[in-house]
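**Student:** Have a look at this prediction, sequence included:
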Amino acid sequence: MYKNLAGRAVLAWAAACFLSPAFSQPQAPKEPLKIGFVYVTPVTDAGWVRQHEEGRKAVDAALGGKVKTTFVENVPEGADAERVIRDLAQQGNRLIFTPSFGYMEPTLKVARDFPDVKFESITGYKAAPNVATANARYYEGRYLAGIAAGRMTRTNVAGYVAGFPIPEVLQGINAFTLGMRSINPNAKVVVVWLNEWFDPPKERDAAMALFNQNADVVAFHTGSTAVMAAAQERGKMAVAYHSDMRKIAPDAQIVAVTHQWGGYYTQRAQAVLDGSWKSGNVWGGVKEGMIRVGDFGTKVPKAVQQEVLARQQDIAAGKLQPFRAVAADVRDNEGRVVIAKGAQLNDEQILRMNWLAEGVQGRVTR
């Protein structure tokens, strides 16, 4: 009897071993999630693309072997962008980030042909079931930079080298001007339009022209470090944008408005990995950690640094909104009331901005 029971036990044990996952054939390792990035300019030491490259590296650092990232740099907006985005999808990338406004339409077009691929249109505003949009409230940092410029200027003239007159750029010019004039009501901001995002020689020439018009501090919304280098060369002051640029302009930089993409990119990659990715729209600023102002230059007094950082905390806490008219109406540079006293622009109004604030020398085509 005991012999039969023992035999049955051995058979049962053998069957259990055969069926147990621990004794099954080893499974092939799961392939990493392939993620593609498309960059509108070359990867340089600082600037718009540099910050997105830092975001890509943050994904690698956070998720390790779970992901395999790649990028294509210096891709013009338009037909070339569509070709590159399509190539990335065909190469098996299941998540593709396209961080440039002019990539929006090409991204949507490719996304229709690859419904199983997730796309992130950065600075775009048109979404689809497999296309999410995201942007940062750059204007919050611009307002804070305007406060620093208002304290530091001696001529009461600031220059602004701008790419294209799209709402995002207008928001930045206006917020900078409002921040500057909150400190220095006599300040004016002279705008030069380039109709280019990345053209270092033209950016440099524009900055030099502004210095010749009595500007002693400049800001910019373009993709290179040329404006900072020009300020360093001329012994003037400048506001760094996208990245900390003290390596390029150690004496000229008064403050930097930096973009922080690593957290967002990592969250979106993780969402694809765990199957929770959904299309949507994110517009984050100081509160969300997507915009940060700091990296003050050596010429900026501690009192000014502390003031700017305190106002940054106010924005994070919701106590300060750059486009709220507190003491008086806000007018555009043609005299029209654009924000009535006591009122505040909502997101839709900010996103459709097509005016320049009082104090700005320049025009915008409507």
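**Tutor:** All right, it came through fine.
**Student:** Could you pull out the helices in the chain for me?
**Tutor:** Assigned helices in the chain, in chain order: 2-19, 48-63, 79-90, 104-113, 138-152, 167-183, 200-212, 226-234, 262-274, 302-316, 347-351 (criterion: DSSP state H).
**Student:** would TSV of those with distance to residue 35 be doable?
**Tutor:** To be clear about C-beta, it is placed using only N, CA and C from the backbone, and glycine gets the same treatment. Below are the helices of the chain laid out as TSV (distance: least, CB to CB, whole Å):
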stretch	distance to residue 35
helix 2-19	38
helix 48-63	7
helix 79-90	9
helix 104-113	15
helix 138-152	24
helix 167-183	25
helix 200-212	29
helix 226-234	31
helix 262-274	6
helix 302-316	30
helix 347-351	28
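**Student:** For residue 254, find the nearest of those helices.
**Tutor:** helix 138-152 (5.4 Å; CB to CB).
**Student:** So what's the model's average confidence on the closest one?
**Tutor:** On average, the pLDDT along helix 138-152 is 97.
**Student:** List the buried residues of it.
**Tutor:** For helix 138-152, a neighbour-count test (16 or more other CB atoms under 10 Å) marks 138-152 as buried.
**Student:** Over to stretch 186-198?
**Tutor:** Buried residues in stretch 186-198 (16+ other CB under 10 Å): 187, 188, 189, 190, 191, 192, 193, 194, 197, 198.
**Student:** Correct me if wrong: residue 52 contacts residue 97.
**Tutor:** Yes: with contact defined as CB atoms under 8 Å, residue 52 reaches residue 97; the gap is 7.4 Å.
**Student:** Now the common contact residues for these two.
**Tutor:** Overlap of the contact sets of residue 52 and residue 97 (by CB atoms under 8 Å, 6 or more residues apart in numbering) consists of 37, 122.
**Student:** Among these two, which residue is more densely surrounded?
**Tutor:** residue 97 (31 against 25; other CB atoms under 10 Å).
**Student:** Next one: the more buried one from residue 156, what distance?
**Tutor:** Here the criterion is CB to CB, to the nearest Å. By it, residue 97 lies 41 Å from residue 156.
**Student:** and what of residue 275?
**Tutor:** 56 Å.
**Student:** and what of residue 183?
**Tutor:** When residue 183 is compared with residue 156 (using CB to CB), they lie 11 Å apart.
**Student:** Which of residue 275 and residue 156 has more residues huddled nearby?
**Tutor:** Using other CB under 10 Å, the more surrounded residue of residue 275 and residue 156 is residue 156, with 16 against 6.
**Student:** Would you mind confirming that that one is in contact with residue 184?
**Tutor:** Yes: between residue 156 and residue 184 a contact is recorded at 6.2 Å, counting by CB under 8 Å.
**Student:** just to revisit the earlier point, ok, the buried residues of stretch 186-198 vs residue 61, which is closest?
**Tutor:** residue 198 (27.1 Å).
**Student:** The nearest residue to residue 123 once chain neighbours are set aside: what's it in contact with?
**Tutor:** In space, and not counting its chain neighbours, residue 123 is closest to residue 101: 4.5 Å by CB to CB, 6 or more residues apart in numbering. Taking CB under 8 Å, 6+ apart as the contact definition, residue 101 lies against 77, 123, 124, 166, 168.
**Student:** what do you get for residue 226?
**Tutor:** 200, 201, 203, 204, 207.
**Student:** Tell me how far the third one lies from residue 231.
**Tutor:** What it means is residue 203. 11 Å.
**Student:** higher neighbour count, these two?
**Tutor:** Higher neighbour count among residue 203 and residue 231: residue 231, with 31 against 26, using other CB under 10 Å.
**Student:** Now do the more buried one, the pLDDT please.
**Tutor:** 97.
**Student:** so how far is residue 316 from it?
**Tutor:** 29 Å.
**Student:** Neighbours of residue 200, how many?
**Tutor:** Neighbours of residue 200 (other CB under 10 Å): 18.
**Student:** Just the pLDDT for it.
**Tutor:** 93.
**Student:** mind listing what it touches?
**Tutor:** 224, 225, 226.
**Student:** can you rerun that using 6 Å?
**Tutor:** 224, 226 (CB atoms under 6 Å, 6 or more residues apart in numbering).
**Student:** Can you give me the distance of it to residue 103?
**Tutor:** Applying CB to CB to residue 200 and residue 103 gives a distance of 21 Å.
**Student:** same question, residue 317
**Tutor:** Distance from residue 317 to residue 103, by CB to CB: 34 Å.
**Student:** Of those two, which one has the most company?
**Tutor:** residue 103 (29 against 10).
**Student:** Leaving out chain neighbours, which residue sits closest to the more buried one?
**Tutor:** residue 81 (5.1 Å).
**Student:** Was I right to think the one you found contacts residue 106?
**Tutor:** Yes: judged on CB atoms under 6 Å, residue 81 makes contact with residue 106 at a distance of 4.3 Å.
**Student:** Spit out the contact partners of the spatially most central residue of the chain.
**Tutor:** Centroid check for the chain by CA atoms, centre = their mean gives residue 259 as the closest residue, at 4.9 Å. By CB under 6 Å, 6+ apart, the contact list for residue 259 reads 51, 136, 242.
**Student:** a markdown table please, covering these and showing neighbour count and distance to residue 118.
**Tutor:** As requested, the contacts of residue 259 are exported to a markdown table (neighbours: other CB atoms under 10 Å; distance: CB to CB, whole Å):
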| residue | neighbour count | distance to residue 118 |
| --- | --- | --- |
| 51 | 19 | 21 |
| 136 | 25 | 20 |
| 242 | 23 | 25 |
